[in-house]
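Q: Sharing a model that was predicted from the sequence below.
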Amino acid sequence: MNVATLVPSTAATKRRAWLAGWSRAGKFGLAVLAFWVAVAIYACFVPDSALGEMSDAGVFQGMSAQHWLGTDYLGRDMLTRIIVGTPYTIGVAFVATLIACGVGAVLGLLAAVTGGWVDSALSRLLDTLVSIPSKMFALVIIAGFGSSVTLLIAVAAIVYTPGAYRIIRSLAININAMDYVLVARARGEGHGYIMRREILPNITGPLLADMGLRFVYALRLLASLSFLGLGVQPPMADWGSLVRENLGALPVGGVSVLAPAFAIAVLTIAVNLVIDNLPGHTDADREKH
């Protein structure tokens, strides 16, 4: 047996070990999440003409062989509308979450390692942002500058950066007092090295879990803004705006309202299942008990 034959076997073993670390609920959440990501990728190749294509079936029609999720208030196929709205729903929330957690992590690590006036200044500044209700902040900014995808991402990122900062700073302060960090300082290592090599690898699990929570928060915030007419604007659509557009369907069955609302609920539950069943996260919990 040579080394070449061992490599695939080792890789397959690692894959099986990684999958074995997930519970059934976690695997279900992963499958649902992967499904919606695949739908979002597929939607990027749907022609723009599908956005406004109207059916002869009429408005607010129920489920049928031709329209699996009925039609909307203009007679458009709801399944198509949900598919084309998936990239905006998931994409905007995901990018905002990446920015919020990325900036929060950098600032949190910097505050924990540097300490002193840097820590105090950053904490006071971000505590001020936390004191402002997220929806009120978003409403004021959008009312002043108008709604666009870029602005929605920026607003959600600003709203959720302080929370990410506080979590990462708290974790980093605890690790910063560990012996191996003190040894790194004694060797003369700089702040950048300590943050990058000593602290960050030890908070990856909680950081990923927090990212999942921020994604859910951003998803709900953006859906609520779209429901108020301040989110993604026509001809683009996300799931929140689809709920708002089709409220008139409630007296006649409501499939066109319930379908996007159900999609939001399913995605939210799936992300929470993934967060709660992260292998590293659950292993840490077991060690505590």
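A: That came through fine. Please read all numbers here as calculations on a predicted model, not as lab measurements.

Q: Report the backbone C-alpha coordinates of stretch 68-83 in PDB.
A: Only the C-alpha atoms of stretch 68-83 are listed here, as PDB (Å, rounded to 0.1, in the frame of the first residue of the first chain):
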ATOM      1  CA  TRP A  68     -48.200  24.900  -7.900                       C
ATOM      2  CA  LEU A  69     -48.400  27.800  -5.400                       C
ATOM      3  CA  GLY A  70     -51.200  29.800  -7.100                       C
ATOM      4  CA  THR A  71     -50.900  33.300  -8.600                       C
ATOM      5  CA  ASP A  72     -50.300  36.700  -7.100                       C
ATOM      6  CA  TYR A  73     -52.200  39.900  -7.200                       C
ATOM      7  CA  LEU A  74     -51.200  40.500 -10.900                       C
ATOM      8  CA  GLY A  75     -51.800  36.900 -12.000                       C
ATOM      9  CA  ARG A  76     -48.100  35.900 -11.900                       C
ATOM     10  CA  ASP A  77     -46.900  32.500 -10.900                       C
ATOM     11  CA  MET A  78     -46.100  32.500  -7.100                       C
ATOM     12  CA  LEU A  79     -43.600  29.700  -7.300                       C
ATOM     13  CA  THR A  80     -41.600  31.700  -9.900                       C
ATOM     14  CA  ARG A  81     -41.800  34.800  -7.700                       C
ATOM     15  CA  ILE A  82     -40.500  33.000  -4.700                       C
ATOM     16  CA  ILE A  83     -37.600  31.500  -6.600                       C
END
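
Q: which residues are contacting it?
A: 39, 42-43, 46, 50-64, 67, 237, 239, 242, 245-246, 248-249, 253, 255-256, 259-260, 263 (CB atoms under 8 Å, 6 or more residues apart in numbering). In short, each C-beta sits where N, CA and C put it, glycine included.

Q: cool, and stretch 159-174?
A: Residues contacting stretch 159-174 (CB under 8 Å, 6+ apart): 96-97, 99-101, 103-105, 107-109, 111-113, 119, 122-123, 126-127, 129-130, 134, 137-138, 195, 199, 203, 206-207, 210-211, 214, 217-218, 221.

Q: Quick check: chain neighbours aside, which residue is closest to residue 231?
A: In space, residue 231 comes closest to residue 225 once its chain neighbours are excluded; the distance is 4.1 Å by CB to CB, 6 or more residues apart in numbering.

Q: What residues sit buried inside the helix or strand in which that neighbour is found?
A: Residue 225 belongs to helix 204-227 when assigned by DSSP states H and E. Buried residues in helix 204-227, counted by 16 or more other CB atoms under 10 Å: 205-207, 209-219, 221-223, 225-227.

Q: now do stretch 242-255
A: 242, 243, 244, 245, 246, 249, 254, 255.

Q: Dump these to TSV, plus pLDDT.
A: Shown next, in TSV, are the buried residues of stretch 242-255 (pLDDT from 0 to 100):
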residue	pLDDT
242	92
243	92
244	91
245	89
246	89
249	80
254	79
255	86
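
Q: circling back to that earlier point, narrow the contacts of stretch 159-174 to just the buried residues.
A: Counted by 16+ other CB under 10 Å, the contacts of stretch 159-174 give 96-97, 99-101, 103-105, 107-109, 111-113, 119, 122-123, 126, 129, 134, 138, 195, 199, 203, 206-207, 210-211, 214, 217-218, 221 as buried.

Q: Filter the residues you listed down to just the ones in helices.
A: The members of those that map onto helices under DSSP state H are 96-97, 99-101, 103-105, 107-109, 111-113, 119, 122-123, 126, 129, 134, 138, 206-207, 210-211, 214, 217-218, 221.

Q: Filter the contacts of stretch 68-83 down to the buried ones, PyMOL style.
A: Burial among these is assessed by 16+ other CB under 10 Å; the matching PyMOL selection reads:
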select buried, resi 39+43+51+55+59+60+61+67+237+239+242+245+246+249+255+256+259+260+263
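
Q: Which of the contacts of stretch 68-83 fall within strands?
A: Using DSSP state E, the subset of the contacts of stretch 68-83 located in strands is empty.

Q: Centre of the chain to stretch 143-163, how far?
A: Offset of stretch 143-163 from its chain centre (CA atoms, centre = their mean, to the nearest Å): 14 Å.

Q: Buried residues, that stretch. List them.
A: Buried residues in stretch 143-163, counted by 16+ other CB under 10 Å: 147, 149, 151-163.

Q: OK, contacts around the closest residue to residue 162 other than its chain neighbours?
A: Distances taken as CB to CB, 6+ apart place residue 126 nearest to residue 162, at 4.0 Å, with adjacent residues excluded. Each residue near residue 126 by CB under 8 Å, 6+ apart is listed here: 107, 161, 162, 165, 166.
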